[in-house]
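Trainee: what follows is a protein structure lacking sequence information:
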């Protein structure tokens, strides 16, 4: 099996199944957790694919203005529960503040993106806690989570889920970096930025995810962070692994 398992759609890119990655005692079970870029471009044919996958819940990590500008296509996914878990983006606005006085550089963009990733871990853990609660809800069906590009907020969320399931760091990073070939760059505007700054915004880089997990280590390590910030005590992790890992 080629990993990650991708689901090609006409109107949405970076859509994939988290299943297949080697995990504690087996491999992540396919067909239960999916990640993607924003769904606003979903076509009728795309929606039929999502329905065939059995997706029951869509978690939207975009900020409120982002979601309002490109709404969830409820008419195409009737019966699918939509759950906003907004993580407000600050990087784009910060870069534009820089541009107001001087040209933003790749170094500026990298520093701001690093701050954003540290904030995902330190300041927005409550949103990811809710994501895990939905994964662990009684009778939960397959779940899809996304942000705008499905690369940063979603990439960190996927790394949390895979780590909680016992997936090793090398595979976690491989899933994260797959965005660089799977996302079409069609859901984030960076046309007004210098090329080196735009490149940082339009790709994922190992150092960014590493910065977020360095913050997790600073906060006591993954086990303590998961228990205190994500509500993942030993019992919930055991339930998630029983549901999401094939032995």
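Mentor: Yep, that arrived. Not measured: the values here are computed from a predicted model.
Trainee: let me see the confidence value for the spatially most central residue of the chain.
Mentor: Taking Cα atoms, centre = their mean, the centroid of the chain lies closest to residue 154, which sits 1.1 Å from it. Residue 154 is assigned 97 on the pLDDT scale.
Trainee: quick one, grab the pLDDT at the residue nearest to it when sequence neighbours are not counted.
Mentor: Take residue 154 and drop its neighbours on the chain: the residue closest to it by Cβ to Cβ, 6 or more residues apart in numbering is residue 147, 4.8 Å away. No exception for glycine: its C-beta is placed from N, CA and C like everyone else's. For residue 147, the pLDDT comes out at 95.
Trainee: returning to what we had before: what's the helix or strand for the residue nearest to the centre of the chain?
Mentor: Using DSSP states H and E, residue 154 falls within helix 153-164.
Trainee: same for that helix, what does it pack against?
Mentor: Applying 3 or more Cβ pairs under 8 Å, 6 or more residues apart in numbering; DSSP states H and E, one finds that helix 153-164 makes contact with strand 33-36, helix 106-123, helix 125-135, strand 143-146, helix 169-177, helix 206-218.
Trainee: any idea how far residue 69 is from the residue nearest to residue 226 when sequence neighbours are not counted?
Mentor: Excluding the flanking residues, the one nearest residue 226 by Cβ to Cβ, 6+ apart is residue 232, at 3.9 Å. Noted for residue 232: a distance of 33 Å to residue 69, by Cβ to Cβ, to the nearest Å.
Trainee: more neighbours, those two?
Mentor: Taking other Cβ atoms under 10 Å, residue 232 and residue 69 do not tie; residue 232 has more neighbours (23 against 12).
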